[in-house]
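A.B. asks: what's the 3D shape of this:
(chains A, B, C and D)
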Number of protein chains: 4
Amino acid sequence: MFFGSDNQTGASLQVMEVINAANKGCAHGYGDDEWSRKAIDALKEIFECDLEAYFVATGTASNSLALSCLVNPWESVLCHSHAHIILDESTAPELFTGGARLVPISKGEGKITSGHILEYFQKAGTNFPHNSQARALSITQASEAGLVYTPAEIKAITTVAKENGLKIHMDGARFANAVASLESTPAELSWKSGVDVLSLGATKCGALCAEAVLFFKKDLAENFIHHRKRTGHLISKGRFLGAQFTGWLQDKHWIDLARNANTQAAALAEDISSFKDLQIAWPVQANEIFIVMPSELSAFLQESGAEFYQWYPDVLPPGTQLRQNEVLVRLVTSFATLDKHREDFCGLIRQYFTTH
Amino acid sequence: MFFGSDNQTGASLQVMEVINAANKGCAHGYGDDEWSRKAIDALKEIFECDLEAYFVATGTASNSLALSCLVNPWESVLCHSHAHIILDESTAPELFTGGARLVPISKGEGKITSGHILEYFQKAGTNFPHNSQARALSITQASEAGLVYTPAEIKAITTVAKENGLKIHMDGARFANAVASLESTPAELSWKSGVDVLSLGATKCGALCAEAVLFFKKDLAENFIHHRKRTGHLISKGRFLGAQFTGWLQDKHWIDLARNANTQAAALAEDISSFKDLQIAWPVQANEIFIVMPSELSAFLQESGAEFYQWYPDVLPPGTQLRQNEVLVRLVTSFATLDKHREDFCGLIRQYFTTH
Amino acid sequence: MFFGSDNQTGASLQVMEVINAANKGCAHGYGDDEWSRKAIDALKEIFECDLEAYFVATGTASNSLALSCLVNPWESVLCHSHAHIILDESTAPELFTGGARLVPISKGEGKITSGHILEYFQKAGTNFPHNSQARALSITQASEAGLVYTPAEIKAITTVAKENGLKIHMDGARFANAVASLESTPAELSWKSGVDVLSLGATKCGALCAEAVLFFKKDLAENFIHHRKRTGHLISKGRFLGAQFTGWLQDKHWIDLARNANTQAAALAEDISSFKDLQIAWPVQANEIFIVMPSELSAFLQESGAEFYQWYPDVLPPGTQLRQNEVLVRLVTSFATLDKHREDFCGLIRQYFTTH
Amino acid sequence: MFFGSDNQTGASLQVMEVINAANKGCAHGYGDDEWSRKAIDALKEIFECDLEAYFVATGTASNSLALSCLVNPWESVLCHSHAHIILDESTAPELFTGGARLVPISKGEGKITSGHILEYFQKAGTNFPHNSQARALSITQASEAGLVYTPAEIKAITTVAKENGLKIHMDGARFANAVASLESTPAELSWKSGVDVLSLGATKCGALCAEAVLFFKKDLAENFIHHRKRTGHLISKGRFLGAQFTGWLQDKHWIDLARNANTQAAALAEDISSFKDLQIAWPVQANEIFIVMPSELSAFLQESGAEFYQWYPDVLPPGTQLRQNEVLVRLVTSFATLDKHREDFCGLIRQYFTTH
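C.D. replies: Next comes the predicted model:
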């Protein structure tokens, strides 16, 4: 029962097959190979536009490299207070951007709104070079609370953001889950709604280690190759990243994988709702489930072999609070989650409640 | 009527006299001179302890160099959301520390409390290397809202901070004003209350450009000289900084200068309180006065030759808000402020209200 | 005929098999998995000592992360003027170390000697903080000229280096080739000869993308995990790196792979020596062959499908120089090089000389 | 007898007078004042062109800030192997530029030539993003060996440099001495000969702490104010820097000061030449004198109160070498050097030789 993170799975079989195929023979290094080209072609087709695409091996690199192309070292990036870039990536954004600042502009709510941005600019100082000026916004799709932004929501945010001079980055570590969740196209969820650069994650959704940085505004990519190289993220056997994306994108495989994760998450959420002492903290719209539960239950489940993390209590919805002896836990489903895993997990809960 | 900042004055005559005296003849460079030694001796006597002291020419350098000795590039510094280091020093703290992060832990209130720190640690992630860990706290004395921290308040804050593994930096750009305001010694307002490193500012309070970084915990200074040199802040004719501090500290001159600023601020606040349409936003405890006034009045005053800044509306006390057509303005008095300046300023206000 | 670089091959079949096996099922992320543990155990056995080992995906990351643990941002790293870290890794070392400097201490010769180090320290300024002080040495095994350092040579270098306060890094991108070339153990070629940290490369020698940073002085690793995370090099599905090393190290597979590369290089060098108008620039001791040839021949070979690079003329041995119409080219053999590739290559040369 | 450095003097009386005058009353901060404007006007007149001028307090800041406007963090700056920026400014250039690299392209000779640049580009790799690309050149006027570049020499260097895509920085810490030494105008020694940015130093030549960064190519200054602020080099009471330059430049005072230094250096060199056991290492063209002398004599002089430094033996002319018991020493004269200082110094030498 691995619900700790979608990075606890391996790669899907289809992805592994293409890796194995790509491994045969020799090829040019550094992305000058047929698999990388195939993957880029697939991305252009899926996103219905021309774009610049670059591959790296980690999500932290993908996000930070994108940001390094959007702001100068004396500028700032607005983001959600729960954003992965501010909570879970050490000070990588600062390092990659040469010292730019992350500014959290929300609290409590699961998603950023245009109101957060407006409020920021009403109070922000404009006396540069003294005040660091915000020049980019980063939003996460699906969000760190497991919520998805509709195209209309993205559009509303990016409109206000652009009126205030911000470039738009989307952390799409779980973009596949958002596409599978919404009845919208990848294009509608990105450039058609104002996103300039997308960090598209395959790792959590079925690849081994493959992330793409997609520049819909191609001129923003001007210095990308330099940033990637000097951060050590130019993979020499680049076809191996191209192969993962090729396998992952082929025949809507990526959506199928994400759909399984989402479906299992929805089902698990429903299962859990049936226990009246457990509380689902956020609507389950992608593949993450946040549950408020007795800390004793959490301990019992983990001791019984269920893998998951206690989560930052800061990620509770506004107005809610943990009571004494309660914890917030996060479950993440994946392409590899089976009915059996859910059933085993709920079985353990039942077992606990029977005896408590 | 220069109320824009205490950096709009020159140096006091006593400071200038010592500069002129120190200028005679030759001396070793880089701080190896009698004036620098005199200044350090004076600091030790005034702070009643042994300490490491280093001089630089700007407040931004003083603060950022201090922080560079307290945290690693992957760590964080807690501070007030209005802190000068986060609002007015571009991304200097990030640059000097190699990429460490500033984390604002308060909103609205004019000073940090131990509660802010506790609340931060209740929610903060401890999953390093993913979560950047807070390792230092910076507080400003007098605060950016013009308030002073008593020794008891500092002690309360630093006690909680140290229990959570934080080292303590004090931004003392207006430390002199705090000393003059409170019936406490420099020692009580710093190391005796748990401060590890003090950025002691003379520039705003009567020098030309002279700031001292005082390490009460001397081992924290281990790499200071390297940080100072590679940020270009090792002044070759170092005696010029030593001379300023010598002149400034001599015969409690620094306190006298600060006392004038404080006294004028208190008097000006009282004058302004007599206008019923004006509202003093924060108690005036040092040399800054925050006033909510009609924007039309603000414009009239500035056009009539009064120098001051409109201030970030974010610096209003909790619960208060600007009404339509109101602005928050900041007045700063200095050692050079005279009764006449106050009277002229209030005369202009009266003139405005007579005709409106 | 891929002689461009050993990164133009894929992974060996044995490595791929273990990757495929490791891909099954779920596992903890970030290196807390059985494959990573197996790989570390194997490294300890092979190097006959306790050590700290960390895996990353690129050689640039491996080298720069190692250096970031050896020097402060105001210090320097001595290296060969042809070192991969100074020629081929952009300014990654500067970024990872926070701004430390690379100082080339040799010219012309294919390897660093203790004399280079002595000469450096005879002339170097010691007036810190003004002069950046050298605190580490990086040597490459096999060297960028395709030469190997014997244990005695390493010992001579590291002895002088340590007497001068340097920590020792070895760039072992082709360490496997050096082990296969010399009758020495991995331990003799590293810690037994004074190496403190080894960047052990598997990528060029049969893996997909897998490099290990081995700390023989374990306390030097103190901050490694922070540097790795904030440079984006902590792979979430860490078992995939562990699996590559497990497969690569198993049953001396890594030596077998390197031996093929070396053997083919030696044979190819012999083949080429038979052409009297071609000149082998450096003794072929590992898997790189440097050839001075007519530029017209070089062009012919590349047009005929032979993959290789023209190389920096700076990498010629002291005293030699290219004549008009000559170029220096580099051929690299790999675990996948076959007799047929050599024969085809020499066939093309013969064809050229027949008609010229 | 202070011959240690020209930074061992104070400021000239004329400079001090203007500082004292400027200190009266209030003024806007951060360079928005009449003294700063006066100084900029004077610079435009003296350099016979429009330009962007910014003031800072140290030479290291002046050089590094200039370079931060010329190169990206992944690029390189060519310089002399004895350049102050590479020998005496710690790793400030790396910090300010975000990690760019300094590449020494000369050895032994006292000045850079166009040949050094050509040789560099004949060997340099152009395979970016792997190879860091050189994009700027920094030359020092007067040079670190005390030599001056004529306009023709500068023109020859910058022509080749620009053909290779380099922007040109001049470290003019002793630019005044060069102007006084050569029969050339400031314009001829800078922009008319191809210099893009000049770090013009007043500190060593009669100011307290005042350096100007002059951009003859104004668009290169685009981000200067951000770099200056975030490195802590924006002085709040900016008029104090403007005043120094105003006083220094007025009525050719700067040239008069430099001329005295140069004249005394020439005279001292002549005095010293009369001792047959002493050897002047470099022609004395500005205000530095390099002498090879018995180490015993050097010790005697220092014990007798003469201030000077032993210098890096690396700064000897090509082909020369110190014999056993010899040292290289550097004497620097200044605007404050008097005949008496020279005579006392030579008296000590005579005294030594009488008894040895």
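
A.B. asks: spell out which residues of the stretch 151-300 of chain A are next to chain D.
C.D. replies: Residues of the stretch 151-300 of chain A that fall close to chain D, judged by CB under 8 Å from any CB of the partner chain: A:223, A:225-230, A:234. No exception for glycine: its C-beta is placed from N, CA and C like everyone else's.

A.B. asks: could you count how many residues lie near residue A:291?
C.D. replies: Counted by other CB atoms under 10 Å in any protein chain shown, the residues lying close to residue A:291 total 24.

A.B. asks: scratch that, residue A:318 is what I was asking about
C.D. replies: So residue A:318, with other CB under 10 Å, has 8 neighbours.

A.B. asks: which residues sit against stretch A:336-345?
C.D. replies: A:1-3, A:9-10, A:12, A:260-261, A:264, A:267-268, A:271, A:301, A:306, A:331, C:26 (CB atoms under 8 Å, 6 or more residues apart in numbering or on different chains).

A.B. asks: filter the residues you listed to the buried ones?
C.D. replies: The neighbour count (16 or more other CB atoms under 10 Å in any protein chain shown) marks A:1-3, A:9-10, A:12, A:260-261, A:264, A:267-268, A:271, A:301, A:306, A:331, C:26 as buried among the contacts of stretch A:336-345.

A.B. asks: mind listing which of the residues you listed are in strands?
C.D. replies: Members of the buried ones among the contacts of stretch A:336-345 lying in strands (criterion: DSSP state E): residue A:331.

A.B. asks: quick one: least confident of the buried ones among the contacts of stretch A:336-345?
C.D. replies: On pLDDT alone, residue A:1 ranks lowest of those, at 84.

A.B. asks: residue contacts, that one?
C.D. replies: Contacts of residue A:1 by CB under 8 Å, 6+ apart are A:305-307, A:341, A:344-345.

A.B. asks: pLDDT on stretch A:133-143, on average?
C.D. replies: Averaged across stretch A:133-143, the pLDDT comes to 98.

A.B. asks: and the residue most central in space within chain A, what does it touch?
C.D. replies: In chain A, the centroid-proximal residue (CA atoms, centre = their mean) is residue A:173; its distance is 2.6 Å. Residue A:173 sits next to A:59, A:84, A:140, A:199, A:201, A:203-204, A:211 when contact means CB under 8 Å, 6+ apart.

A.B. asks: show me where chain A has strands.
C.D. replies: Counting by DSSP E, the strands of chain A are A:52-56, A:75-79, A:101-104, A:133-140, A:167-172, A:197-201, A:211-215, A:279-280, A:288-294, A:309-310, A:326-332.

A.B. asks: those strands: which one's closest to residue C:321?
C.D. replies: Ranking the strands of chain A by proximity to residue C:321 (CB to CB) places strand A:52-56 first, at 39.6 Å.

A.B. asks: separation between residue A:345 and residue A:331?
C.D. replies: Separation of residue A:345 from residue A:331 (CB to CB, to the nearest Å) stands at 8 Å.

A.B. asks: report the two of the contacts of stretch A:336-345 separated the most.
C.D. replies: Taking CB to CB as the measure, the contacts of stretch A:336-345 span a maximum distance of 27.1 Å, between A:12 and A:301.

A.B. asks: give me every residue that touches residue A:88.
C.D. replies: B:125, B:127, B:130-131.

A.B. asks: which stretches of chain A form helices?
C.D. replies: Ranges of helices in chain A, per DSSP state H, are A:13-22, A:34-46, A:59-68, A:84-87, A:92-97, A:114-123, A:151-163, A:175-181, A:224-230, A:239-249, A:253-273, A:295-303, A:339-355.

A.B. asks: would you mind getting the angle between the last one and helix A:295-303?
C.D. replies: If I follow you right, that is helix A:339-355. Orientation check (axes from the mean of the first three to the mean of the last three CA atoms, to 10 degrees): helix A:339-355 against helix A:295-303 gives 140 degrees.

A.B. asks: how about the first one?
C.D. replies: Helix A:13-22 runs at 40 degrees relative to helix A:295-303, counting by the same axes, to 10 degrees.

A.B. asks: now do helix A:13-22: which elements does it pack against?
C.D. replies: helix A:239-249, helix C:13-22 (3 or more CB pairs under 8 Å, 6 or more residues apart in numbering or on different chains; DSSP states H and E).

A.B. asks: quick one: buried residues of the last one?
C.D. replies: Spelled out, it's helix C:13-22. Residues of helix C:13-22 classed as buried: C:14-16, C:18-20, C:22 (neighbour count, 16+ other CB under 10 Å).

A.B. asks: what are the contacting residues of it?
C.D. replies: Helix C:13-22 has contacts (CB under 8 Å, 6+ apart) with A:10, A:16, A:19-20, A:23, C:10-11, C:35, C:202, C:206-208, C:239-240, C:242-244, C:246-248, C:250, C:253.

A.B. asks: residues contacting whichever residue of the stretch 151-300 of chain A sits closest to chain B?
C.D. replies: Chain B sits closest to residue A:231 of the stretch 151-300 of chain A, with a gap of 12.7 Å, by CB to the nearest CB. Residue A:231 sits next to A:61, A:64-65, A:96, C:92, C:95, C:231-232 when contact means CB under 8 Å, 6+ apart.

A.B. asks: show me the two of those residues that sit farthest apart.
C.D. replies: Longest distance between any two of the contacts of residue A:231 is 14.3 Å, between A:64 and C:92; criterion CB to CB.

A.B. asks: so residue A:68 sits against residue A:97, correct?
C.D. replies: Yes - in terms of CB atoms under 8 Å, residue A:68 counts as a neighbour of residue A:97; the distance is 4.9 Å.

A.B. asks: more neighbours: which of the two?
C.D. replies: Taking other CB under 10 Å, residue A:68 and residue A:97 do not tie; residue A:97 has more neighbours (29 against 24).

A.B. asks: that one reaches residue A:71, doesn't it?
C.D. replies: Yes - assessed by CB under 8 Å, residue A:97 is found in contact with residue A:71 at 5.7 Å.

A.B. asks: what residues are shared contacts of the two?
C.D. replies: residue A:77.

A.B. asks: residue A:218: which of the contacts of stretch A:336-345 is nearest?
C.D. replies: Using CB to CB, the contacts of stretch A:336-345 come closest to residue A:218 at residue A:12, 30.4 Å.

A.B. asks: report the separation between the closest residue to that closest one other than its chain neighbours and chain D.
C.D. replies: Leaving aside its sequence neighbours, residue A:12 sits nearest to residue A:206 (CB to CB, 6 or more residues apart in numbering or on different chains; 4.1 Å). Residue A:206 sits 30 Å away from chain D, going by CB to the nearest CB, to the nearest Å.

A.B. asks: hmm, back to that, of the helices and strands packed on helix A:13-22, which is nearest residue D:42?
C.D. replies: Counting by CB to CB, residue D:42 lies closest to helix A:239-249 out of those; the figure is 58.1 Å.

A.B. asks: who are the packing partners of that closest one?
C.D. replies: So helix A:239-249, by 3+ CB pairs under 8 Å, 6+ apart, packs with helix A:13-22, helix A:34-46, strand A:52-56, helix A:253-273.

A.B. asks: average pLDDT for the shortest one?
C.D. replies: Summarised as a single mean, pLDDT over strand A:52-56 is 98.

A.B. asks: which residues does residue A:211 contact?
C.D. replies: If you count contacts by CB under 8 Å, 6+ apart, residue A:211 has them with A:55-59, A:61-62, A:173, A:199-203.

A.B. asks: how about residue A:303?
C.D. replies: Contacts here follow CB under 8 Å, 6+ apart; on that basis residue A:303 touches nothing.

A.B. asks: residue in the stretch 51-200 of chain A nearest to chain C?
C.D. replies: For the stretch 51-200 of chain A, CB to the nearest CB, closest residue to chain C: residue A:61, 3.4 Å.
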